[in-house]
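[1] this one's sequence-less:
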């Protein structure tokens, strides 16, 4: 083999636009995927020739001569310029490079050449492939004669091409050239078919192979090039082979049609007409021969190309195989739509490259949508059964959003063909649930909407099938019976809609239950239920569904269906001859009745209504606003009182109703303001009655039965909107009326009186619980204290909620006395160490802890918010005459007692921790108790910090100039408030606050598996206090998937093992996520706490050495903690710089005017930063 001698330098468009490549060649090894020695590795521009291990083989004389020429020329590597000068350009290459060219004429010309000289035609067309890849080394005619040595000939070509310093790759970089080349090959095949060159002549039909000489040559050389080690050659040759297959598919499809037509003609032709009969028979035989020949070509191309290139190391080649194979299945399914070819799709579902998986799911979706014939359905059933589970898992696990979207669409097609069972439904729909509830699934907003849209289509298809099943089941009943409510034209109640919504409820509910049953963990189940309700999963699902035609405009029907009493429906027979069967009627009623699982079914309906409203109200345009205000809201105003009447029967239903009501009352657009709508309909009394009923329910319901109740959060939103107008005059715009305001005051007074009555009651020793006799006096006192706490829990919770919006002390003067009573009866006598004297008392603590900490939180919040209201009111008073009317000692008469009591509680909890630590091996669950004690201590510490900082800010703001009575006496008394405000707080209190930090720091360090530095005076081993927990490594936190991209993955290895490992990877991901959650929880707790400590430090309430201790291990802990510490340091440096600049300016001015002020400056520098506070570090004191 050698290059042609002469050069025709060409300056055509093909050379101007081509791209130069310098890349390594590669290929997959069919026998050993890991073996790469057979690949020719070449680097263009390298001065060192790559060593190649080639075994000598026998060759023909011509071949030997060719190789010797190549060998001698390779000893002296030619430059790129020399190769271009010596190149005699390929005529087909020049012609096909033209943008406007008649491809058919060029193909006819080449076919004519083949008819005259096959070798010349083959040389020209094979060299076209080489030039399309940028090779400057071409074949001569004698190189292509011996087909047996095709592999050796191509191997030498790859060596020469590998030594080429660079190559231009027009097939890849010029789309018009690529199109022309592929069209040319397809036209060659078409013209060859028309002229009979694809088939043997009649006298040759008895040979073993049916392939024509031209096709043998063509397929042999192109297929050999498609297996070479040069990637561009392999890519171009593979696509050309696949395009030839594509054209053959069209040809055989037409041959089949002609064959069937001829067979029909033969069946109608009488044998007596021998001439015609024989003519048609001959035609049929010819078509059979053509069909068998083309199928032989299919087998050759399939075995060589699809059988090997589907696992090529180049993902672009794998993608092309997928595309062309899918086209072949559509054009000629009889041959290609078989398990033999479908398995390639299944194997490539686990491809490590995203683009390949995107393409495979895309073509699978296309095939399912194109699937109309029975033969294709049968062929697909086996494939679906084998790979259905994997496709469903890809929805959840794949790293590429397009793969996930395509997989959902494929599952939609599964639904249409009946390939999906109930378990499969649950898996797909629960991915929708996880998409909403699982924050670890990081998906962009746009992709999230796409996923929801596709999943909604899936649910719609599944729901529609259930509806069709019900309609078919009850078709006879519907034809023979009538019910007036279903026959009224203007009413929204229709049987089809009842079937639709009832079956949708069952579909969503069953999917949820199947998913929960698969968790096998009660704690995870509880967490899932909470997330499910808290994140309004069903509402979000239906909001997306409402956009689909199948569910659009069903809002009014949903309301009618919610209010429908199915048991009262009367059915009448349409035929006099038909005897009315009560059993049939009852069975039909059950199919649409919601009373079987009434609360849950109505919860779903209310959630659907909320989802429909969200769809209508979010980002409404003007036309939609007009429609809502004129029709939808008018109807809602009629129905809402009835909806409330049903909802108020159950806390769960009321929680869902509050979502709807809050949505309506928070609307800011005047045209769709629900209060305005009620007013316009002269139904403002009805509007006020709804709010009054909700307030009454809030006052009477016992919320403390469930500490973490979604109903509480939704009442918070309701109260916030209702009571924000509490201090405003009554008007049509405001939600609150005079009657509501009176009722609110009544409920507040009832709560205050209830607390007073409970705390003023002193239990008689003779009437005490007999179980207390088994405990010591301290524990008896503790249980009495806890009984007080439990009794006032509900009224204090409600007072605390009202205090968010109303200044209670201003409206109810006895609130201060109430705080004193709470301090005296509960906080000051709370001896927690009594919990840890026995096994039973420890168990009692763990049992009562959730309510204990929640009740204390409500009490402390109530006190803190009440104090904030007072401070805000006093800060707003700037007039000195008005300030004289207020006595600070009277306003804050309870303040010292509560601060002192909380400080002592911190010390008492520390004593309890010490006792618990001593008994850590004596009593069970002591580690758990210690963590709970520190959580309780954190609560008291944080509320104390908030209280101190708020009061200190008020003191600093008014210390220099105020007219408040007893201001200085109150805040500077060293025995009372002075030791907390005008001076740094007592050292024992500072120690307790720091102790809390040290425990949280140790807890985080334990999870991070790091050793902490400690100060010399830290004599407590905090590691012993931290409960044993599994450490979290960085590697375990990394989410991984078998579908993630991996540049080093071998496409041949582990395909089936990867499929089998999906479940194991998913389980390990879950474990890693749980550990990551625990780590984040401990880091968040520490970060929140140090922010509180910084507020103390910046207010000069504690010593600055606490800041140093916080900074000590920040570089080891890292993360958000380190960022917070650095941010605080930076702000402090800026603050100190400003203060220093101010001092220097002051000193400079003083030196000019009066040198006697030096003593004052030195005194000020002795106590830097004790009182001065950066305004940016002072938190705003607000009522809410």
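    On my side now, so go ahead. What you see is a predicted model, and the numbers here were worked out from it, not measured in a lab.

[2] residue contacts, residue 660?
    With contacts defined as CB atoms under 8 Å, 6 or more residues apart in numbering, the neighbours of residue 660 are 606, 609, 610, 613, 643. Backbone N, C-alpha and C define where each C-beta goes, glycine included.

[3] any idea whether the residue located most distally from the centre of the chain is helix, strand or coil?
    Summary for the chain: using CA atoms, centre = their mean, the residue whose C-alpha lies farthest from the chain's mean C-alpha position is residue 272, with a distance of 75.4 Å. Counting by DSSP: H, G, I helix; E, B strand; the rest coil, the backbone at residue 272 sits in coil.

[4] about what we covered before: I'd like the contacts of residue 660 as a markdown table, with secondary structure appended.
    What follows is the contacts of residue 660, written out as a markdown table (three-state DSSP):
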| residue | secondary structure |
| --- | --- |
| 606 | helix |
| 609 | helix |
| 610 | helix |
| 613 | helix |
| 643 | helix |
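
[5] Can you tell me which of those are buried?
    When burial is judged by neighbour count using 16 or more other CB atoms under 10 Å, the buried members of those are 606, 609, 610, 613, 643.

[6] quick one: the helices in the stretch 51-200 of the chain?
    Taking DSSP state H, counting those that start in this stretch as the test, the helices found in the stretch 51-200 of the chain are 61-75, 80-86, 91-96, 103-116, 118-132, 150-163, 170-173, 175-195.

[7] Run through who's touching the third one.
    Contacting residues not belonging to helix 91-96 are listed as 10, 12, 14, 101, 103, 106, 110, 124-125, 127-128, 131-132, 177, 180-181, 184 [CB under 8 Å, 6+ apart].

[8] Weed out the non-buried ones from the residues you listed.
    Among the contacts of helix 91-96, those that count as buried by neighbour count (16+ other CB under 10 Å) are 14, 103, 106, 110, 124-125, 127-128, 131-132, 177, 180-181, 184.

[9] residue boundaries of the strands in the stretch 251-400 of the chain?
    Under the criterion DSSP state E, counting those that start in this stretch, the stretch 251-400 of the chain carries no strands.

[10] Point out where it drops to low pLDDT.
    372-377 (pLDDT under 70).

[11] Packing partners of whichever strand or helix holds residue 587?
    Per DSSP states H and E, residue 587 falls inside helix 582-592. Using 3 or more CB pairs under 8 Å, 6 or more residues apart in numbering; DSSP states H and E as the contact criterion, the secondary-structure elements in contact with helix 582-592 are strand 481-482, helix 495-517.

[12] Report the angle between it and helix 495-517.
    Orientation note: helix 582-592 sits at an angle of 60 degrees relative to helix 495-517 (axes from the mean of the first three to the mean of the last three CA atoms, to 10 degrees).

[13] picking up where we left off before, now the buried ones among the contacts of helix 91-96 as JSON lines including distance to residue 689 and pLDDT?
    Conversion of the buried ones among the contacts of helix 91-96 to JSON lines gives the following (distance: CB to CB, whole Å; pLDDT from 0 to 100):
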{"residue": "14", "distance to residue 689": "83", "pLDDT": "36"}
{"residue": "103", "distance to residue 689": "81", "pLDDT": "91"}
{"residue": "106", "distance to residue 689": "86", "pLDDT": "93"}
{"residue": "110", "distance to residue 689": "90", "pLDDT": "93"}
{"residue": "124", "distance to residue 689": "92", "pLDDT": "91"}
{"residue": "125", "distance to residue 689": "89", "pLDDT": "92"}
{"residue": "127", "distance to residue 689": "91", "pLDDT": "91"}
{"residue": "128", "distance to residue 689": "86", "pLDDT": "92"}
{"residue": "131", "distance to residue 689": "87", "pLDDT": "89"}
{"residue": "132", "distance to residue 689": "82", "pLDDT": "90"}
{"residue": "177", "distance to residue 689": "78", "pLDDT": "91"}
{"residue": "180", "distance to residue 689": "79", "pLDDT": "93"}
{"residue": "181", "distance to residue 689": "80", "pLDDT": "93"}
{"residue": "184", "distance to residue 689": "82", "pLDDT": "94"}
